[in-house]
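Asks: following is a predicted model, sequence given first.
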Amino acid sequence: MKNITAAEFAKILPNLDSESMVVDVREIKEYEESHIKDSINVPLSNIGQGLAVLKKYKTIYLICESGARSNYAREVLKTADIQTINISDGLNAIKKTGVVVIEEGQ
């Protein structure tokens, strides 16, 4: 369980395997407005209901807007023995790295 920066994540993302997943913990409306390509949305408010899906992956990269909600989600998932890595500076920083972010209407 650790934190990485958006810049570190941008270097890792092209090499993610099928046992890893990027999980956006923002609310559905926020996710629909913009999100990392190929990420899934499990809102923090529903994180407990998403455990079955999340347990399928070896490593979960958590993201939100600024890193606060994803850090909280990391603590919650830690109790369920799910390996997580928090992107500590969030989607705002990701957008500056060149990672493909899907914007609403695309």
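Replies: Received it, and whenever you're ready, just let me know what you need.
Asks: hmm, residue 3 is touching residue 88, no?
Replies: Yes: between residue 3 and residue 88 there is a contact under CB atoms under 8 Å: 4.1 Å. Every C-beta, even on glycine, is put in place using the N, C-alpha and C of the backbone.
Asks: please enumerate the shared neighbours of those two.
Replies: Common neighbours of residue 3 and residue 88 (criterion: CB atoms under 8 Å, 6 or more residues apart in numbering): 67, 71.
Asks: check contacts around residue 67.
Replies: Applying CB under 8 Å, 6+ apart, we find residue 67 in contact with 3, 86, 87, 88, 89, 90.
Asks: pick the one among the residues you listed closest to residue 31.
Replies: If you rank these by distance to residue 31 using CB to CB, residue 90 comes first, at 13.0 Å.
Asks: the closest one touches residue 71, doesn't it?
Replies: No: assessed by CB under 8 Å, residue 90 is found out of contact with residue 71, at 9.6 Å.
Asks: give me the more crowded residue out of those two.
Replies: residue 90 (23 against 18; other CB atoms under 10 Å).
Asks: neighbour count winner among residue 3 and residue 88?
Replies: The neighbour comparison of residue 3 against residue 88 (other CB under 10 Å) goes to residue 88, with 21 against 16.
Asks: what about that one, distance to residue 66?
Replies: Counting by CB to CB, to the nearest Å, the gap from residue 88 to residue 66 is 9 Å.
Asks: just the strands in this protein please.
Replies: Assigned by DSSP state E, the chain shows strands spanning 2-4, 20-24, 34-36, 40-41, 59-63, 84-87, 101-103.
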